[in-house]
Every structure is written in C-alpha cells, then in structure tokens.
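Visitor: generate a structure from the sequence data that follows.
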Amino acid sequence: MFLLLLSACFAGCKKDNNVKTQIKVQLAVDSKIISDYLTAHSITAKQVDSAGVPLGIYYVVDTLGSEDVVITSSTKITVGYTGTLLTTGTRFTSTDNFHPSLILGQTIKGWQYGISASKVKLGGVIRLFIPSHYAYGPFPQPVLGLPANAVLIFNIKFYNITN
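Guide: Below you'll find the model as predicted:
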C-alpha cells in the first residue's frame, strides 16, 4: 500500500506545472495572434521592450499630443478609452461619457509598459495591443465578458497627465 501511494505521488510530480514555461508558451501564442492581426490590417506598430527584451506589447501613436511630460508609475492619467477583444473585435469596455483619472502603476501591466514606451504627451492618442500575460492572464473576466488568455486592444486618449 505504501509503495502504491509513493508511486502515485511521483507520477503526479511529472506534470509540467512550471508557471514560467506556461507564460512563455502563452506569450508565443499571443504574439502570433497580434502579429497576424497587425499584418492583416496593415498596421505598423512598435514593440515595447524592457532592457532590450521584447515584451510582446505593441503600440501605435495616432496623435503624439503636445506638452512634454514625465511618465512614471505614480503618474496620474485622465483618459478616455475603449477596450476591444482582439480575436473577435468585441468591445468590452469604454469610457464614452466620462474620463476617469487613474494612477498608472495601478493599471494592468500592458498599460504601464505601453504608455511609458509610447512617450505620449498631453492630448495624445495611442493604441495598445496587449498579450494576455500583461492584462488578465489565464483568468477569465466574466463581468467584462473576457475569456481566459484574452488578447486586448486599447484605444486611449490622454486628457490630463500629472505627477
């Protein structure tokens, strides 16, 4: 009986539950989805990198804006935005009638990296193409209607940026 229990324990350990591996595999899937979308829609986007390592987040600056500002994780941004599920084109969130103020460091990682990399200025408009790992990851968001591993597009207009 003891040997049977011991064998079952070792058999369970053979599964690859390495989170880093799972993230890497999903990021490769998401990157292909984003790359195919950009190509199919003839969109030229820049990829965000961190210390020379590409993150899989892409951005397009539609309007640069004016008035240079420094953007950090503690920067307060007042924005209007629309969020779309890239794979279906379904809009899942929008600020049509209001402009929330958010602390950048309290938003999803895709916003933090993408907004910082875009060098957007006051009045600017950008589009972010965000792989699931930098949004909600493997966790579905039923309130928003998002499945697990949702790849997202955000169109963001900056009304105010303060430090």
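Visitor: all contacts plus neighbour counts: C-alpha atoms, from now on.
Guide: Will do.
Visitor: now His41: how far from Ile34?
Guide: 11 Å (Cα to Cα, to the nearest Å).
Visitor: show me which helix runs longest in this structure.
Guide: The helix that spans the most residues within the chain, counting by DSSP state H, is helix 19-40.
Visitor: of His41 and Ile34, which one has the most company?
Guide: Ile34 (23 against 8; other Cα atoms under 10 Å).
Visitor: I'd say the more buried one and Leu128 touch.
Guide: No. If you go by Cα atoms under 8 Å, Ile34 and Leu128 don't touch, sitting 10.6 Å apart.
Visitor: now stretch 54-66, how far from the centre of its chain.
Guide: Using Cα atoms, centre = their mean, to the nearest Å, the distance from the centre of stretch 54-66 to the centre of the chain it belongs to is 12 Å.
Visitor: swap in stretch 53-68?
Guide: On Cα atoms, centre = their mean, the centre of stretch 53-68 falls 13 Å from the chain's centre.
Visitor: cool, stretch 25-37 as well?
Guide: Taking Cα atoms, centre = their mean, one finds the center of stretch 25-37 at 12 Å from the center of the full chain.
Visitor: so Tyr113: helix, strand or coil?
Guide: helix (DSSP: H, G, I helix; E, B strand; the rest coil).
Visitor: burial count for it?
Guide: Using other Cα under 10 Å, Tyr113 has 23 neighbouring residues.
Visitor: what of Thr107?
Guide: Neighbours of Thr107 using other Cα under 10 Å come to 12.
Visitor: point out where this protein drops to low pLDDT.
Guide: The model of the chain has pLDDT under 70 over residues 1-17.
Visitor: make it 50
Guide: 1, 3-6, 8 (pLDDT under 50).
Visitor: which residue ranges of it form helices?
Guide: Going by DSSP H, the chain shows helices at 2-13, 19-40, 109-118.
Visitor: and the second one, what other elements does it pack with?
Guide: Helices and strands touching helix 19-40, as assessed by 3 or more Cα pairs under 8 Å, 6 or more residues apart in numbering; DSSP states H and E, comprise strand 53-63.
Visitor: extract the CA atoms of the strand it packs on and return them as CSV.
Guide: Only the C-alpha atoms of strand 53-63 are listed here, as CSV (Å, rounded to 0.1, in the frame of the first residue of the first chain):
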residue,chain,number,x,y,z
VAL,A,53,14.0,42.2,-24.3
PRO,A,54,10.8,42.4,-26.4
LEU,A,55,7.6,42.0,-24.3
GLY,A,56,5.1,41.3,-27.0
ILE,A,57,3.2,44.5,-26.3
TYR,A,58,2.8,46.7,-29.4
TYR,A,59,1.8,50.4,-29.6
VAL,A,60,0.8,52.9,-32.3
VAL,A,61,0.9,56.6,-31.6
ASP,A,62,-2.1,58.0,-33.6
THR,A,63,-1.6,61.5,-32.2
